[in-house]
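>>> structure of the sequence below:
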Amino acid sequence: MANRYFDTQAAPAGPPRLRAWRSYQKAPGITRIEVDVSREQEGFGYGPATLHVFFLDAEGAVLRHDEALWEDALDVWLLSQGARARDQATETLRASIRLRARFRTIQRQVGEGYFNSLVVCAILNGPLGEDHEVMETVRHIHALQPYDGGKVAQYLEEADQVLTGIAHELTDQLGYERPVAERIFADAVAMYLDERFHVSERLALFGR
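Below you'll find the model as predicted:
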């Protein structure tokens, strides 16, 4: 007996927008994709980010442009296609948004306050503890050492895995040279911490 649920090929998993982007990518003349990211400041934070995706020919001319509100699955697909941001500052912003998204699982496990202590500890205990930009941000953050109830080592390892994943995306998927990738990565972590702990806002308002 015919059954269309079994007889037709399932659409590739992912957000509906991906179907359009996959078709654009296959259009004649398109050889690569570039990404821009925008977001509006709202009070003491930012509104949702928007992905602007440019489909380019071999000469760098834009043949097609589309945009969509940020979804992690959309950015993951762009990473898999080696789609870099249009400039280093945007790549930094993009990586910081990924950090925020990837850390949410740990946040839900341990709660907001404990996570604040945990993420600062994870960063200070790694190579970013020697980065000037990161430490300039950390010195304005007041976070206690995370209480060790028997699972702190596990949580620190999970945080380290998130950081390692972001770092490898810059080199392995986007193809940045190691020094460039390290700068983007460190600046993205500094940006993430600045926004999470409202460092710039506090300094602007209170000077501390």
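
>>> checking my notes, residue 175 in a strand, right?
No. Secondary structure assignment (DSSP: H, G, I helix; E, B strand; the rest coil) places residue 175 in coil, not in a strand.

>>> can you count the residues close to the residue lying closest to it once chain neighbours are set aside?
Excluding the flanking residues, the one nearest residue 175 by C-beta to C-beta, 6 or more residues apart in numbering is residue 82, at 6.3 Å. Every C-beta, even on glycine, is put in place using the N, C-alpha and C of the backbone. When neighbours are defined as other C-beta atoms under 10 Å, residue 82 has 12 of them.

>>> Three-state assignment for residue 82, please.
coil.

>>> quick one: it and residue 174 touch, right?
Yes. Between residue 82 and residue 174 there is a contact under C-beta atoms under 8 Å: 6.2 Å.

>>> now residue 118. Nearest residue, chain neighbours left out?
Once flanking residues are discounted, residue 118 sits nearest to residue 146: 4.7 Å by C-beta to C-beta, 6+ apart.

>>> before we move on, what about residue 144?
According to C-beta to C-beta, 6+ apart, the nearest residue to residue 144 is residue 117 (5.2 Å).

>>> correct me if wrong, but that neighbour is in a helix.
Yes. Judged by three-state DSSP, residue 117 forms part of a helix.

>>> show me the contacts for it.
143-147 (C-beta atoms under 8 Å, 6 or more residues apart in numbering).

>>> follow-up on the earlier one: just the element for the residue nearest to residue 118, please.
Residue 146 belongs to no helix or strand when assigned by DSSP states H and E.

>>> for it, what are its contacts?
Contact analysis of residue 146 by C-beta under 8 Å, 6+ apart lists 114, 117-118, 121, 152, 155-156.

>>> what of residue 176?
Residues near residue 176 by C-beta under 8 Å, 6+ apart: 84, 91, 170, 184.

>>> can you rerun that using 6 Å?
residue 170 (C-beta atoms under 6 Å, 6 or more residues apart in numbering).

>>> for the residue nearest the centre of the chain, give me the pLDDT.
Centroid check for the chain by C-alpha atoms, centre = their mean gives residue 98 as the closest residue, at 1.8 Å. pLDDT for residue 98: 97.

>>> residues contacting the nearest residue to it once chain neighbours are set aside?
Leaving aside its sequence neighbours, residue 98 sits nearest to residue 166 (C-beta to C-beta, 6+ apart; 5.8 Å). Listed by C-beta under 6 Å, 6+ apart, the contact partners of residue 166 are 95, 98-99.

>>> what helix or strand does residue 166 sit in?
Assigned by DSSP H and E, residue 166 falls within helix 152-168.

>>> for that helix, what is the average pLDDT?
The average pLDDT within helix 152-168 is 95.

>>> in that helix, what's buried?
Neighbour-count burial for helix 152-168 flags 152, 155-156, 158-159, 162-163, 166-167 (criterion: 16 or more other C-beta atoms under 10 Å).

>>> only C-alpha atoms, please: export it in PDB.
As requested, the backbone C-alpha atoms of helix 152-168 are provided in PDB (Å, rounded to 0.1, in the frame of the first residue of the first chain):
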ATOM      1  CA  VAL A 152      32.800  21.500  40.200                       C
ATOM      2  CA  ALA A 153      35.500  19.700  38.200                       C
ATOM      3  CA  GLN A 154      32.800  18.200  35.900                       C
ATOM      4  CA  TYR A 155      31.200  21.600  35.300                       C
ATOM      5  CA  LEU A 156      34.600  23.200  34.700                       C
ATOM      6  CA  GLU A 157      35.400  20.500  32.100                       C
ATOM      7  CA  GLU A 158      32.000  21.200  30.400                       C
ATOM      8  CA  ALA A 159      32.800  24.900  30.300                       C
ATOM      9  CA  ASP A 160      36.200  24.100  28.900                       C
ATOM     10  CA  GLN A 161      34.700  21.900  26.200                       C
ATOM     11  CA  VAL A 162      32.400  24.900  25.100                       C
ATOM     12  CA  LEU A 163      35.500  27.100  24.800                       C
ATOM     13  CA  THR A 164      37.500  24.500  23.000                       C
ATOM     14  CA  GLY A 165      34.600  24.000  20.500                       C
ATOM     15  CA  ILE A 166      34.400  27.700  19.700                       C
ATOM     16  CA  ALA A 167      38.200  27.900  19.200                       C
ATOM     17  CA  HIS A 168      38.300  24.900  16.800                       C
END
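
>>> appreciated, that's everything.
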